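Trainee: Below are the sequence and a predicted model for it; my questions follow.
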2 protein chains.
Amino acid sequence: MDKPIGRKALSHERIVDAASRDLRRSGFHGVAVVDVMKSAGLTHGGFYAHFASREALLAEAVTRASDNAADAIKTQAKNFQGAGLSPFRAFVESYLSASHVEDCENGCPVAALCGEMPSQAGHVADASRHIVGNLRRLVLQFLPSSVPREMAWSVASTLVGAVQLTRALGDTQQGKAVIAAAKRDLLERYDS
Amino acid sequence: MDKPIGRKALSHERIVDAASRDLRRSGFHGVAVVDVMKSAGLTHGGFYAHFASREALLAEAVTRASDNAADAIKTQAKNFQGAGLSPFRAFVESYLSASHVEDCENGCPVAALCGEMPSQAGHVADASRHIVGNLRRLVLQFLPSSVPREMAWSVASTLVGAVQLTRALGDTQQGKAVIAAAKRDLLERYDS
DNA sequence: CCGGGAATATGATGTGCATCATATGAAACT
DNA sequence: AGTTTCATATGATGCACATCATATTCCCGG
(Lines give C-alpha, C1' and ligand atoms only; values in the text may rest on other atoms or scores of the structure.)
Protein backbone atom coordinates (compact mmCIF):
# COMPACT_ATOMS: atom_id res chain seq x y z
CA MET A 1 0.00 0.00 0.00
CA ASP A 2 3.02 2.27 0.13
CA LYS A 3 3.06 4.93 -2.50
CA PRO A 4 5.45 3.80 -5.20
CA ILE A 5 7.38 7.03 -5.64
CA GLY A 6 9.36 6.91 -8.83
CA ARG A 7 10.63 9.60 -11.08
CA LYS A 8 7.31 9.95 -12.83
CA ALA A 9 5.28 10.31 -9.66
CA LEU A 10 7.63 13.01 -8.44
CA SER A 11 7.26 14.90 -11.71
CA HIS A 12 3.51 14.55 -11.45
CA GLU A 13 3.58 16.16 -8.02
CA ARG A 14 5.77 19.00 -9.19
CA ILE A 15 3.45 19.67 -12.12
CA VAL A 16 0.34 19.75 -9.94
CA ASP A 17 2.04 22.01 -7.42
CA ALA A 18 3.18 24.40 -10.10
CA ALA A 19 -0.29 24.42 -11.63
CA SER A 20 -1.94 25.06 -8.29
CA ARG A 21 0.16 28.18 -7.89
CA ASP A 22 -0.38 29.48 -11.42
CA LEU A 23 -4.06 28.77 -10.93
CA ARG A 24 -4.34 30.92 -7.84
CA ARG A 25 -2.21 33.69 -9.31
CA SER A 26 -3.87 33.92 -12.71
CA GLY A 27 -7.09 31.94 -12.67
CA PHE A 28 -8.18 29.00 -14.80
CA HIS A 29 -7.27 30.73 -18.06
CA GLY A 30 -3.89 31.64 -16.66
CA VAL A 31 -2.72 28.04 -16.48
CA ALA A 32 -0.75 27.35 -19.65
CA VAL A 33 0.65 23.88 -20.15
CA VAL A 34 3.99 25.25 -21.38
CA ASP A 35 4.47 27.50 -18.36
CA VAL A 36 3.44 24.91 -15.83
CA MET A 37 5.85 22.38 -17.28
CA LYS A 38 8.61 24.95 -17.29
CA SER A 39 7.92 25.76 -13.62
CA ALA A 40 8.15 22.07 -12.90
CA GLY A 41 11.53 21.93 -14.61
CA LEU A 42 10.25 20.05 -17.66
CA THR A 43 9.31 20.82 -21.24
CA HIS A 44 5.82 20.97 -22.62
CA GLY A 45 5.87 17.85 -24.74
CA GLY A 46 5.85 15.31 -21.97
CA PHE A 47 2.71 16.72 -20.46
CA TYR A 48 0.33 14.16 -21.92
CA ALA A 49 2.30 11.33 -20.41
CA HIS A 50 1.10 12.68 -17.05
CA PHE A 51 -2.43 13.95 -17.71
CA ALA A 52 -5.20 13.04 -20.09
CA SER A 53 -5.84 16.71 -20.79
CA ARG A 54 -5.29 20.22 -19.50
CA GLU A 55 -8.68 19.93 -17.80
CA ALA A 56 -7.55 16.90 -15.84
CA LEU A 57 -4.60 18.89 -14.56
CA LEU A 58 -6.86 21.79 -13.59
CA ALA A 59 -9.13 19.51 -11.59
CA GLU A 60 -6.19 18.08 -9.68
CA ALA A 61 -4.68 21.50 -9.17
CA VAL A 62 -7.90 22.92 -7.72
CA THR A 63 -8.04 20.20 -5.10
CA ARG A 64 -4.34 20.48 -4.34
CA ALA A 65 -4.67 24.23 -3.85
CA SER A 66 -7.49 23.77 -1.40
CA ASP A 67 -5.66 21.22 0.72
CA ASN A 68 -2.51 23.25 0.63
CA ALA A 69 -4.20 26.50 1.65
CA ALA A 70 -6.25 24.85 4.39
CA ASP A 71 -3.06 23.49 5.93
CA ALA A 72 -1.42 26.89 5.83
CA ILE A 73 -4.38 28.66 7.38
CA LYS A 74 -4.80 26.05 10.09
CA THR A 75 -1.12 26.22 10.95
CA GLN A 76 -1.16 29.96 11.26
CA ALA A 77 -4.39 29.89 13.25
CA LYS A 78 -2.83 27.45 15.72
CA ASN A 79 0.04 29.87 16.14
CA PHE A 80 -2.32 32.71 16.90
CA GLN A 81 -4.21 30.52 19.34
CA GLY A 82 -0.93 29.74 21.02
CA ALA A 83 -0.52 33.49 21.45
CA GLY A 84 -3.80 33.61 23.32
CA LEU A 85 -6.39 34.45 20.68
CA SER A 86 -9.75 32.70 20.63
CA PRO A 87 -10.04 30.04 17.92
CA PHE A 88 -12.40 32.11 15.80
CA ARG A 89 -10.34 35.24 16.10
CA ALA A 90 -7.19 33.31 15.30
CA PHE A 91 -8.86 32.00 12.16
CA VAL A 92 -10.11 35.40 11.03
CA GLU A 93 -6.72 37.00 11.67
CA SER A 94 -5.10 34.27 9.60
CA TYR A 95 -7.50 34.45 6.68
CA LEU A 96 -7.47 38.23 6.59
CA SER A 97 -3.75 38.60 7.25
CA ALA A 98 -1.69 40.80 4.98
CA SER A 99 0.37 37.80 3.97
CA HIS A 100 -2.70 35.86 2.85
CA VAL A 101 -3.94 38.80 0.81
CA GLU A 102 -0.58 39.42 -0.81
CA ASP A 103 0.61 35.87 -1.38
CA CYS A 104 -2.33 34.82 -3.45
CA GLU A 105 -0.50 31.98 -5.19
CA ASN A 106 -0.35 30.12 -1.89
CA GLY A 107 -3.66 31.39 -0.55
CA CYS A 108 -7.26 30.26 -0.53
CA PRO A 109 -8.28 29.08 -4.00
CA VAL A 110 -11.90 29.91 -3.35
CA ALA A 111 -11.01 33.56 -2.96
CA ALA A 112 -8.85 33.37 -6.06
CA LEU A 113 -11.19 31.42 -8.29
CA CYS A 114 -14.82 31.58 -7.30
CA GLY A 115 -15.62 34.31 -9.78
CA GLU A 116 -14.61 32.00 -12.61
CA MET A 117 -16.09 28.82 -11.22
CA PRO A 118 -19.53 29.24 -12.80
CA SER A 119 -18.01 29.03 -16.27
CA GLN A 120 -16.09 25.84 -15.60
CA ALA A 121 -17.31 22.44 -16.73
CA GLY A 122 -16.91 18.77 -16.01
CA HIS A 123 -14.43 17.66 -13.40
CA VAL A 124 -13.12 21.17 -12.93
CA ALA A 125 -16.61 22.34 -11.97
CA ASP A 126 -17.04 19.38 -9.64
CA ALA A 127 -13.74 20.03 -7.92
CA SER A 128 -14.61 23.71 -7.68
CA ARG A 129 -17.90 23.10 -5.95
CA HIS A 130 -16.16 20.70 -3.64
CA ILE A 131 -13.55 23.15 -2.46
CA VAL A 132 -16.24 25.73 -1.74
CA GLY A 133 -17.61 23.12 0.64
CA ASN A 134 -14.11 22.68 2.07
CA LEU A 135 -14.03 26.36 2.95
CA ARG A 136 -17.36 26.09 4.73
CA ARG A 137 -16.06 23.13 6.73
CA LEU A 138 -12.92 25.07 7.59
CA VAL A 139 -14.98 27.97 8.91
CA LEU A 140 -17.07 25.55 10.96
CA GLN A 141 -13.93 24.22 12.63
CA PHE A 142 -13.38 27.65 14.15
CA LEU A 143 -16.86 29.12 14.51
CA PRO A 144 -18.07 29.14 18.14
CA SER A 145 -20.62 26.40 18.64
CA SER A 146 -23.07 28.94 19.96
CA VAL A 147 -23.38 30.34 16.45
CA PRO A 148 -25.91 28.63 14.18
CA ARG A 149 -24.09 26.50 11.63
CA GLU A 150 -25.80 28.13 8.67
CA MET A 151 -23.93 31.31 9.42
CA ALA A 152 -20.70 29.69 8.29
CA TRP A 153 -21.81 30.66 4.79
CA SER A 154 -22.10 34.29 5.76
CA VAL A 155 -18.68 34.25 7.38
CA ALA A 156 -17.21 32.60 4.30
CA SER A 157 -18.85 35.20 2.06
CA THR A 158 -17.40 38.07 4.04
CA LEU A 159 -13.93 36.53 4.11
CA VAL A 160 -13.86 35.75 0.41
CA GLY A 161 -15.36 39.08 -0.59
CA ALA A 162 -12.98 41.04 1.61
CA VAL A 163 -9.88 39.31 0.27
CA GLN A 164 -11.01 39.83 -3.30
CA LEU A 165 -11.92 43.48 -2.89
CA THR A 166 -8.64 44.14 -1.12
CA ARG A 167 -6.65 42.51 -3.88
CA ALA A 168 -8.63 44.42 -6.47
CA LEU A 169 -7.86 47.71 -4.76
CA GLY A 170 -4.17 46.93 -4.50
CA ASP A 171 -1.86 48.03 -1.75
CA THR A 172 -3.73 51.21 -0.89
CA GLN A 173 -5.38 52.83 2.09
CA GLN A 174 -8.70 51.57 0.80
CA GLY A 175 -7.43 48.04 0.61
CA LYS A 176 -6.46 48.11 4.26
CA ALA A 177 -9.82 49.65 5.12
CA VAL A 178 -11.64 46.68 3.60
CA ILE A 179 -9.70 44.20 5.70
CA ALA A 180 -10.12 46.27 8.84
CA ALA A 181 -13.87 46.58 8.36
CA ALA A 182 -14.34 42.89 7.66
CA LYS A 183 -12.31 41.88 10.71
CA ARG A 184 -14.19 44.23 12.95
CA ASP A 185 -17.52 43.09 11.61
CA LEU A 186 -16.81 39.37 11.96
CA LEU A 187 -15.29 39.64 15.41
CA GLU A 188 -17.96 41.89 16.87
CA ARG A 189 -20.58 39.55 15.56
CA TYR A 190 -19.21 36.06 16.06
CA ASP A 191 -16.27 36.11 18.45
CA SER A 192 -17.95 34.82 21.55
CA MET B 1 -23.83 70.38 -26.27
CA ASP B 2 -26.18 67.77 -27.67
CA LYS B 3 -24.64 64.41 -28.26
CA PRO B 4 -24.02 64.08 -31.97
CA ILE B 5 -25.58 60.68 -32.52
CA GLY B 6 -24.69 59.33 -35.90
CA ARG B 7 -24.48 55.81 -37.20
CA LYS B 8 -21.01 55.33 -35.80
CA ALA B 9 -21.91 56.51 -32.31
CA LEU B 10 -24.84 54.13 -32.26
CA SER B 11 -22.63 51.21 -33.27
CA HIS B 12 -20.14 52.21 -30.60
CA GLU B 13 -22.87 52.05 -27.99
CA ARG B 14 -24.07 48.67 -29.19
CA ILE B 15 -20.51 47.32 -29.07
CA VAL B 16 -19.90 48.57 -25.54
CA ASP B 17 -23.22 47.18 -24.37
CA ALA B 18 -22.52 43.80 -25.89
CA ALA B 19 -19.04 43.76 -24.37
CA SER B 20 -20.36 44.72 -20.95
CA ARG B 21 -22.63 41.69 -21.02
CA ASP B 22 -19.98 39.26 -22.27
CA LEU B 23 -17.66 40.68 -19.68
CA ARG B 24 -19.98 39.93 -16.79
CA ARG B 25 -20.90 36.52 -18.15
CA SER B 26 -17.40 35.28 -18.93
CA GLY B 27 -14.86 37.64 -17.40
CA PHE B 28 -12.12 39.67 -19.04
CA HIS B 29 -10.76 36.71 -20.98
CA GLY B 30 -14.25 35.86 -22.18
CA VAL B 31 -14.57 39.02 -24.22
CA ALA B 32 -13.62 38.13 -27.78
CA VAL B 33 -13.66 40.89 -30.38
CA VAL B 34 -15.32 38.64 -32.96
CA ASP B 35 -18.17 37.65 -30.65
CA VAL B 36 -18.79 41.13 -29.35
CA MET B 37 -19.00 42.51 -32.87
CA LYS B 38 -21.34 39.72 -33.86
CA SER B 39 -23.57 40.47 -30.86
CA ALA B 40 -23.61 44.09 -31.96
CA GLY B 41 -24.70 43.02 -35.44
CA LEU B 42 -21.37 43.79 -37.08
CA THR B 43 -18.34 41.90 -38.32
CA HIS B 44 -15.00 41.79 -36.62
CA GLY B 45 -13.00 43.85 -39.07
CA GLY B 46 -14.51 47.21 -38.34
CA PHE B 47 -13.63 47.01 -34.69
CA TYR B 48 -10.52 49.15 -34.84
CA ALA B 49 -12.46 52.00 -36.36
CA HIS B 50 -14.21 52.21 -32.99
CA PHE B 51 -11.54 51.37 -30.44
CA ALA B 52 -7.80 51.73 -30.26
CA SER B 53 -7.48 48.21 -28.89
CA ARG B 54 -9.36 45.43 -27.20
CA GLU B 55 -8.16 46.89 -23.89
CA ALA B 56 -9.80 50.20 -24.64
CA LEU B 57 -13.07 48.38 -25.19
CA LEU B 58 -12.69 46.50 -21.93
CA ALA B 59 -12.12 49.70 -19.99
CA GLU B 60 -15.26 51.25 -21.42
CA ALA B 61 -17.25 48.08 -20.89
CA VAL B 62 -16.26 47.86 -17.24
CA THR B 63 -17.53 51.34 -16.59
CA ARG B 64 -20.67 50.79 -18.60
CA ALA B 65 -21.43 47.61 -16.68
CA SER B 66 -21.10 49.42 -13.38
CA ASP B 67 -23.43 52.25 -14.35
CA ASN B 68 -25.89 49.85 -15.86
CA ALA B 69 -25.98 47.56 -12.81
CA ALA B 70 -26.19 50.43 -10.35
CA ASP B 71 -29.25 51.75 -12.17
CA ALA B 72 -30.90 48.34 -12.11
CA ILE B 73 -30.21 47.81 -8.41
CA LYS B 74 -31.38 51.28 -7.48
CA THR B 75 -34.57 50.86 -9.46
CA GLN B 76 -35.38 47.57 -7.83
CA ALA B 77 -34.53 48.92 -4.40
CA LYS B 78 -36.92 51.84 -4.92
CA ASN B 79 -39.62 49.33 -5.75
CA PHE B 80 -38.97 47.41 -2.56
CA GLN B 81 -38.99 50.66 -0.60
CA GLY B 82 -42.34 51.47 -2.17
CA ALA B 83 -43.55 48.15 -0.79
CA GLY B 84 -42.60 49.29 2.70
CA LEU B 85 -39.08 47.94 3.23
CA SER B 86 -36.42 50.07 4.89
CA PRO B 87 -33.88 51.51 2.44
CA PHE B 88 -31.11 49.20 3.59
CA ARG B 89 -33.27 46.14 3.53
CA ALA B 90 -34.59 47.06 0.11
CA PHE B 91 -31.01 47.32 -1.13
CA VAL B 92 -29.91 44.01 0.37
CA GLU B 93 -32.99 42.24 -1.01
CA SER B 94 -32.20 43.67 -4.44
CA TYR B 95 -28.53 42.79 -4.45
CA LEU B 96 -29.12 39.31 -3.09
CA SER B 97 -32.22 38.61 -5.16
CA ALA B 98 -32.44 35.39 -7.15
CA SER B 99 -32.66 37.42 -10.34
CA HIS B 100 -29.42 39.24 -9.59
CA VAL B 101 -27.62 36.00 -8.85
CA GLU B 102 -28.92 34.26 -11.94
CA ASP B 103 -28.77 37.08 -14.47
CA CYS B 104 -25.09 37.73 -14.06
CA GLU B 105 -24.66 39.36 -17.46
CA ASN B 106 -26.78 42.27 -16.28
CA GLY B 107 -25.64 42.18 -12.68
CA CYS B 108 -22.97 43.80 -10.58
CA PRO B 109 -19.63 43.73 -12.41
CA VAL B 110 -17.70 43.81 -9.16
CA ALA B 111 -19.21 40.49 -8.17
CA ALA B 112 -18.50 39.13 -11.62
CA LEU B 113 -14.99 40.43 -12.08
CA CYS B 114 -13.19 41.28 -8.87
CA GLY B 115 -11.34 37.97 -8.77
CA GLU B 116 -9.69 38.83 -12.08
CA MET B 117 -9.11 42.49 -11.40
CA PRO B 118 -5.67 42.08 -9.81
CA SER B 119 -4.27 40.70 -13.04
CA GLN B 120 -5.53 43.54 -15.19
CA ALA B 121 -3.34 46.40 -16.29
CA GLY B 122 -3.50 49.96 -17.50
CA HIS B 123 -6.85 51.55 -18.09
CA VAL B 124 -8.68 48.32 -17.39
CA ALA B 125 -7.13 48.20 -13.93
CA ASP B 126 -7.97 51.84 -13.35
CA ALA B 127 -11.57 51.37 -14.37
CA SER B 128 -11.75 48.25 -12.22
CA ARG B 129 -10.58 50.02 -9.10
CA HIS B 130 -12.99 52.78 -9.84
CA ILE B 131 -16.05 50.57 -10.02
CA VAL B 132 -15.12 48.94 -6.73
CA GLY B 133 -15.39 52.46 -5.33
CA ASN B 134 -18.74 52.81 -7.08
CA LEU B 135 -20.02 49.79 -5.21
CA ARG B 136 -18.92 51.27 -1.90
CA ARG B 137 -20.72 54.51 -2.73
CA LEU B 138 -23.83 52.57 -3.68
CA VAL B 139 -23.80 50.77 -0.34
CA LEU B 140 -23.39 54.10 1.45
CA GLN B 141 -26.51 55.43 -0.24
CA PHE B 142 -28.53 52.79 1.58
CA LEU B 143 -26.62 52.19 4.80
CA PRO B 144 -28.33 53.74 7.85
CA SER B 145 -26.45 56.86 8.89
CA SER B 146 -26.08 55.45 12.39
CA VAL B 147 -23.65 52.88 11.00
CA PRO B 148 -20.01 53.99 10.73
CA ARG B 149 -19.16 54.65 7.10
CA GLU B 150 -16.16 52.32 7.14
CA MET B 151 -18.51 49.39 7.49
CA ALA B 152 -19.69 49.90 3.94
CA TRP B 153 -16.63 47.87 2.97
CA SER B 154 -17.72 44.99 5.13
CA VAL B 155 -21.22 45.07 3.70
CA ALA B 156 -19.81 45.16 0.18
CA SER B 157 -17.54 42.21 0.97
CA THR B 158 -20.40 40.11 2.25
CA LEU B 159 -22.61 40.97 -0.73
CA VAL B 160 -19.95 40.25 -3.31
CA GLY B 161 -18.76 37.08 -1.60
CA ALA B 162 -22.27 35.75 -1.19
CA VAL B 163 -23.21 36.30 -4.82
CA GLN B 164 -20.01 34.66 -6.00
CA LEU B 165 -20.26 31.65 -3.72
CA THR B 166 -23.89 31.18 -4.69
CA ARG B 167 -23.07 31.28 -8.37
CA ALA B 168 -20.20 28.88 -7.83
CA LEU B 169 -22.47 26.40 -6.08
CA GLY B 170 -25.08 26.59 -8.80
CA ASP B 171 -28.79 26.25 -8.33
CA THR B 172 -28.62 24.00 -5.31
CA GLN B 173 -29.82 23.95 -1.74
CA GLN B 174 -26.41 25.14 -0.66
CA GLY B 175 -26.58 28.07 -3.01
CA LYS B 176 -29.82 29.24 -1.46
CA ALA B 177 -28.34 28.75 2.00
CA VAL B 178 -25.52 31.17 1.24
CA ILE B 179 -27.93 33.91 0.19
CA ALA B 180 -30.17 33.29 3.17
CA ALA B 181 -27.29 33.45 5.63
CA ALA B 182 -25.86 36.62 4.13
CA LYS B 183 -29.24 38.36 4.17
CA ARG B 184 -29.88 37.39 7.74
CA ASP B 185 -26.43 38.48 8.82
CA LEU B 186 -26.57 41.87 7.12
CA LEU B 187 -30.09 42.69 8.24
CA GLU B 188 -29.61 41.64 11.85
CA ARG B 189 -26.50 43.70 12.01
CA TYR B 190 -27.20 46.82 10.01
CA ASP B 191 -30.93 47.22 9.43
CA SER B 192 -31.71 49.84 12.02
C1' DC C 1 30.29 -1.10 -19.76
C1' DC C 2 25.71 -2.11 -22.10
C1' DG C 3 20.97 -3.02 -23.63
C1' DG C 4 16.05 -2.00 -23.02
C1' DG C 5 12.27 0.32 -21.42
C1' DA C 6 10.55 4.28 -19.01
C1' DA C 7 10.69 9.30 -18.79
C1' DT C 8 11.30 13.39 -21.06
C1' DA C 9 12.54 16.47 -25.09
C1' DT C 10 12.02 18.25 -29.90
C1' DG C 11 9.42 19.61 -33.24
C1' DA C 12 4.90 19.72 -35.99
C1' DT C 13 -0.05 20.61 -36.50
C1' DG C 14 -4.18 22.92 -36.03
C1' DT C 15 -7.06 26.28 -33.92
C1' DG C 16 -8.59 30.59 -32.05
C1' DC C 17 -7.79 35.06 -31.70
C1' DA C 18 -6.17 40.19 -32.02
C1' DT C 19 -4.77 43.15 -35.31
C1' DC C 20 -4.52 45.35 -39.69
C1' DA C 21 -4.79 46.36 -44.93
C1' DT C 22 -7.76 46.82 -48.32
C1' DA C 23 -12.36 46.55 -50.67
C1' DT C 24 -17.19 47.40 -50.77
C1' DG C 25 -21.21 49.86 -49.83
C1' DA C 26 -24.21 53.63 -48.12
C1' DA C 27 -25.23 58.41 -47.27
C1' DA C 28 -24.71 63.40 -48.26
C1' DC C 29 -23.86 67.19 -50.96
C1' DT C 30 -23.56 69.22 -55.64
C1' DA D 1 -27.02 61.21 -61.35
C1' DG D 2 -21.99 61.73 -59.75
C1' DT D 3 -18.48 62.23 -56.54
C1' DT D 4 -16.67 62.18 -52.04
C1' DT D 5 -16.44 60.54 -47.51
C1' DC D 6 -17.59 57.84 -43.78
C1' DA D 7 -18.94 53.17 -42.01
C1' DT D 8 -18.59 48.47 -42.34
C1' DA D 9 -17.06 44.00 -44.56
C1' DT D 10 -13.60 40.65 -46.45
C1' DG D 11 -9.73 38.56 -46.10
C1' DA D 12 -4.91 38.30 -44.63
C1' DT D 13 -1.08 37.87 -40.96
C1' DG D 14 1.01 36.51 -36.97
C1' DC D 15 1.10 34.83 -32.41
C1' DA D 16 -0.08 31.85 -28.43
C1' DC D 17 -1.51 27.71 -27.17
C1' DA D 18 -3.28 22.61 -26.68
C1' DT D 19 -2.35 18.47 -28.54
C1' DC D 20 0.27 14.83 -30.54
C1' DA D 21 4.03 12.04 -33.14
C1' DT D 22 8.52 11.00 -32.95
C1' DA D 23 13.32 11.32 -31.19
C1' DT D 24 16.48 11.44 -27.40
C1' DT D 25 18.09 10.77 -22.82
C1' DC D 26 18.24 8.67 -18.42
C1' DC D 27 18.39 4.84 -15.22
C1' DC D 28 18.70 0.08 -13.83
C1' DG D 29 19.82 -4.69 -14.07
C1' DG D 30 23.12 -7.71 -16.52
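Mentor: Structure received.
Trainee: just the strands in chain A please.
Mentor: Assigned by DSSP state E, chain A shows no strands.
Trainee: quick one: low-confidence ranges for it?
Mentor: For chain A, the stretches with pLDDT under 70 are A:1-5.
Trainee: Chain A against DNA strand D: which residues are in contact?
Mentor: Within chain A, the positions near DNA strand D by Cβ under 7 Å from any atom of the strand are A:7, A:31-34, A:44-45, A:47-48, A:53-55. Bear in mind the C-beta positions are built from the backbone N, C-alpha and C, glycine included.
Trainee: switch the cut-off to 6 Å
Mentor: A:32-34, A:44-45, A:47-48, A:53-54 (Cβ under 6 Å from any atom of the strand).
Trainee: Need those in a markdown table (columns: neighbour count).
Mentor: What follows is those, written out as a markdown table (neighbours: other Cβ atoms under 10 Å in any protein chain shown):
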| residue | neighbour count |
| --- | --- |
| A:Ala32 | 14 |
| A:Val33 | 17 |
| A:Val34 | 11 |
| A:His44 | 13 |
| A:Gly45 | 10 |
| A:Phe47 | 18 |
| A:Tyr48 | 12 |
| A:Ser53 | 13 |
| A:Arg54 | 17 |
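Trainee: can you give me the helices for chain A?
Mentor: Remark: helices assigned in chain A by DSSP state H are A:7-26, A:33-39, A:54-82, A:87-95, A:98-102, A:109-113, A:122-142, A:152-169, A:173-190.
Trainee: for A:Ala111, what are its contacts?
Mentor: Counting by Cβ atoms under 8 Å, 6 or more residues apart in numbering or on different chains, A:Ala111 makes contact with A:104, A:159-160, A:163-164, B:115.
Trainee: Identify the residue spatially nearest to it, adjacent ones excluded.
Mentor: Of all residues not flanking A:Ala111 in the chain, A:Val163 sits nearest, at 4.3 Å (Cβ to Cβ, 6 or more residues apart in numbering or on different chains).
Trainee: Count the residues that sit near that neighbour.
Mentor: 28 (other Cβ atoms under 10 Å in any protein chain shown).
Trainee: so it makes contact with A:Asp103?
Mentor: No. Applying Cβ atoms under 8 Å as the test, A:Val163 and A:Asp103 come out as separate, 11.3 Å apart.
Trainee: Look up phi and psi at A:Leu96.
Mentor: phi -100, psi 20 (degrees, to the nearest 10).
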